[in-house]
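Trainee: curious how this folds, go ahead:
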Amino acid sequence: MSLRTLSFTPSIKGLFQKPTDMVKSVCSVLDFKRNPESATRDIITRSDKELGGFSTVNFEIDPEEKVGHFHGYLSLDLPKDNPEIHRSGYAMFRTMELPESWFSGKQYWDWSQYSSLVMRVKGDRRKYLVNLQANTPLVTDLFQHRLFLNHPGQWETVVIPLDDFVMTNWGIIQDGSEINKSEIKTFGIGLLDKQYGPYSLKVDWVKVMTGAEVDKEAKKSRGSLSVCTPEQELKEEEEIEYEQTHPGSAMGGNAPKEPKLTLF
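Mentor: Numbering: from 1, shown residues only. Predicted coordinates for the structure are as follows:
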C-alpha cells in the first residue's frame, strides 16, 4: 500500500520537492548512445497487426550509428476475414510508464520547469506525430504535434514547444485542453499518414530543455536546427481541419463507435 492510498502523498511529497532554482535546465528522456540497453528496454511498439492489420513495426539499436531505429512497412490492407474492421494503417513506439513507487504511488515525469521538447533525429518524408500522454481522466487522451523535418535523410535537431501540443482523443482535437507538464506519463512517435510503403526514423536522443539550453544544444549539433515555423503551423492547422472532416485520414474522422474494431 502506498502513501497515496493513505492520502498522505500531497503533504509528504512537498517536503521532498526541489526548489525551482535547483531544477536542471536539461532533462534526458531517451538517450540511445549513452544508455542503449535501458532506453530500448523501456520502449513499447504497436501496430495495426494487433487487430488483424498487416503493417510491420520494429525498434532496435542501429548497429552502425548506435542510435534507436523505428522502422517497418505501413499497410492499409484490411483483414479479409473480419468485415467489422473499417480502417487500418498505423505503427508507433512509446516509452513505458514509470514504475509505481511504494512511497508515493503513481510516478510521472515533471516537466513543469521546461519549455521545449528537443530531439535529434534522422527521418524520411513520412508524416510522423509526436505523442505525449499525460495524467488525464481518459487513457485515450493524447497530446500530439507533427514532427516537422526540414532535411529528410540528414541528422537534425527538432524543437517543439511543449505548449504547442494539441490534445486529441481517438484522433479528434479537444479544444481548450492544456497539457499538464507536471504529470507526463509517456513519450512516443507514431505514423498513420495513410500511405503504403516503408518508413524509417532514427532517434539519437530526446530531451526537455529551457529556452537558453535549446540554442546551446543547437550550436553543438552536427545537424541543423528545425523549429516549427508559422507557415508550418498554418499548414498543420489546415491539414488537421481537412483530416477531421474526411473520415479515413491520418488524424481525423468521426469518433468510431467501436474503437477496438477500427485500426488507426
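
Trainee: in the chain, which segments are predicted with low confidence?
Mentor: Counting by pLDDT under 70, the chain has low-confidence residues at 1-23, 102, 104, 220-264.

Trainee: any chance you could map the strands in it?
Mentor: In the chain, the strands defined using DSSP state E lie at 26-31, 43-47, 56-61, 68-74, 91-95, 116-123, 128-134, 141-146, 156-161, 166-169, 172-173, 184-191, 197-209, 224-227.

Trainee: angle of the third one against strand 68-74?
Mentor: With axes from the mean of the first three to the mean of the last three CA atoms, to 10 degrees as the basis, strand 56-61 and strand 68-74 are set at 170 degrees to each other.

Trainee: strands paired with strand 56-61, and their directions?
Mentor: strand 68-74 (antiparallel) (DSSP bridges).

Trainee: distance of the nearest residue to S115 once chain neighbours are set aside from T56?
Mentor: Nearest residue to S115, sequence neighbours excluded (CB to CB, 6 or more residues apart in numbering): G211, at 5.2 Å. C-beta here means a position set from N, CA and C on the backbone, and glycine is covered the same way. According to CB to CB, to the nearest Å, G211 and T56 sit 39 Å apart.

Trainee: likewise for N150?
Mentor: Counting by CB to CB - N150 and T56 are separated by 27 Å.

Trainee: compare these two (neighbour count), which wins?
Mentor: T56 (17 against 14; other CB atoms under 10 Å).

Trainee: right, and that one touches K49 too?
Mentor: Yes: under the criterion of CB atoms under 8 Å, T56 is in contact with K49, at a separation of 7.5 Å.

Trainee: D175: how many residues sit nearby?
Mentor: Neighbours around D175, by other CB under 10 Å: 6.

Trainee: number of residues surrounding the residue nearest to S115?
Mentor: G211: 12 neighbours (other CB under 10 Å).

Trainee: quick check, it in contact with V118.
Mentor: No: contact criterion CB under 8 Å: G211 and V118 do not qualify, at 10.7 Å.

Trainee: nearest residue to T136 in space, please, no chain neighbours.
Mentor: N180 (7.4 Å).

Trainee: quick one: contacts for the one you found?
Mentor: By CB atoms under 8 Å, 6 or more residues apart in numbering, the residues touching N180 are A134, N135, T136.

Trainee: make CSV from those and add distance to Y90 and neighbour count to it.
Mentor: Formatted as CSV, the contacts of N180 follow (distance: CB to CB, whole Å; neighbours: other CB atoms under 10 Å):
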residue, distance to Y90, neighbour count
A134, 21, 22
N135, 24, 12
T136, 21, 18
